[in-house]
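A.B. asks: Here is a sequence together with a model predicted from it:
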Amino acid sequence: MKIVVYLRRQDQYAEAFYKQRLKNGRITIPFDAFLESRVCQRITNYQKLLNGWSETYPQAQITPRIYDRASFVNQDIVADFAAILGLSAMDLDNSQVEHNVSPSRDVIDILLALAPHFEAAELRKIFRTAKALDLNGFSGQGDLFTPKERQTFCARFATDDAALRQRFFPNRETLFPAPRQTSPDQQATDRSDTGPALLKAMLQIAFDLKRTQD
């Protein structure tokens, strides 16, 4: 048995995990509350995850990879995974379209405000309907932490990351690159000027959905 796992820096994974669950209506708490939740603690404990697999499947070959598109085969995670398994990438379809749109901070705030009034399936429908409109400011990455918050969060994992690096990546100087001193996404510190338009569009979608149900 071979186990392949792609590891993101914990702040990036927590952010991506939260956004994915929120847009599907599976999480309806603010991001700062999520960071202190048991779920977040569980998913970011890579040591416990890999040790559990080693104990459960002692004969398995565990192959961790750092989640970095630039280092993937053909810069594609599917092709990279196939190569690890010894499969040919020639038979794979490589799409350049980004299907998994990550909601911006403004969209997240709107979804959180709507959450008490809609079921999970309805929130998913609101998100997907708004996504199809291709509105400015709808998607965003790296916008839920300030630079200082990101550095503080990452510092929690310094000891575990050092142990993982020594075990699986002895040739790397660090397991993950350090967080930037400044955010690459201005939405992390300054709210976008597209917020009002997003709010208007998503509220209209929500009202229309309620109207069809009445």
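C.D. replies: Right, received. Where do you want to start?
A.B. asks: How is residue 172 assigned, secondary-structure-wise?
C.D. replies: Under DSSP: H, G, I helix; E, B strand; the rest coil, residue 172 falls in the coil class.
A.B. asks: so who does it touch?
C.D. replies: Shown in contact with residue 172 (C-beta atoms under 8 Å, 6 or more residues apart in numbering): 66, 165. To be clear about C-beta, it is placed using only N, CA and C from the backbone, and glycine gets the same treatment.
A.B. asks: Quick check: phi and psi at it.
C.D. replies: Geometry field for residue 172 lists phi and psi as phi -90, psi 140, criterion degrees, to the nearest 10.
A.B. asks: Residue 44 versus that one, what's the distance?
C.D. replies: 19 Å (C-beta to C-beta, to the nearest Å).
A.B. asks: now the strands for the protein?
C.D. replies: Ranges of strands in the chain, per DSSP state E, are 2-7, 61-66.
A.B. asks: what about those, which gets the closest to residue 35?
C.D. replies: Ranking the strands of the chain by proximity to residue 35 (C-beta to C-beta) places strand 2-7 first, at 18.2 Å.
A.B. asks: Quick one: the strands of the chain as TSV, columns for distance to residue 72 too.
C.D. replies: Shown next, in TSV, are the strands of the chain (distance: least, C-beta to C-beta, whole Å):
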stretch	distance to residue 72
strand 2-7	9
strand 61-66	8
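A.B. asks: I'd like the ones you listed laid out as CSV, including mean pLDDT.
C.D. replies: Output for the strands of the chain, formatted as CSV (pLDDT from 0 to 100):
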stretch, mean pLDDT
strand 2-7, 95
strand 61-66, 94
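A.B. asks: Out of these, flag the one nearest residue 110.
C.D. replies: Closest to residue 110 of the strands of the chain is strand 2-7 (C-beta to C-beta; 30.3 Å).
A.B. asks: Sheet partners, orientation included, of the closest one?
C.D. replies: strand 61-66 (parallel) (DSSP bridges).
A.B. asks: Can I get the partner strand in PDB, CA atoms only?
C.D. replies: Included here for strand 61-66 are C-alpha records, laid out as PDB according to Å, rounded to 0.1, in the frame of the first residue of the first chain:
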ATOM      1  CA  GLN A  61       4.800   3.500   2.200                       C
ATOM      2  CA  ILE A  62       3.800   7.000   3.200                       C
ATOM      3  CA  THR A  63       4.800   9.600   0.600                       C
ATOM      4  CA  PRO A  64       4.200  13.200   1.800                       C
ATOM      5  CA  ARG A  65       4.400  16.000  -0.800                       C
ATOM      6  CA  ILE A  66       4.500  19.700  -0.200                       C
END
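A.B. asks: Many thanks, we can stop here.
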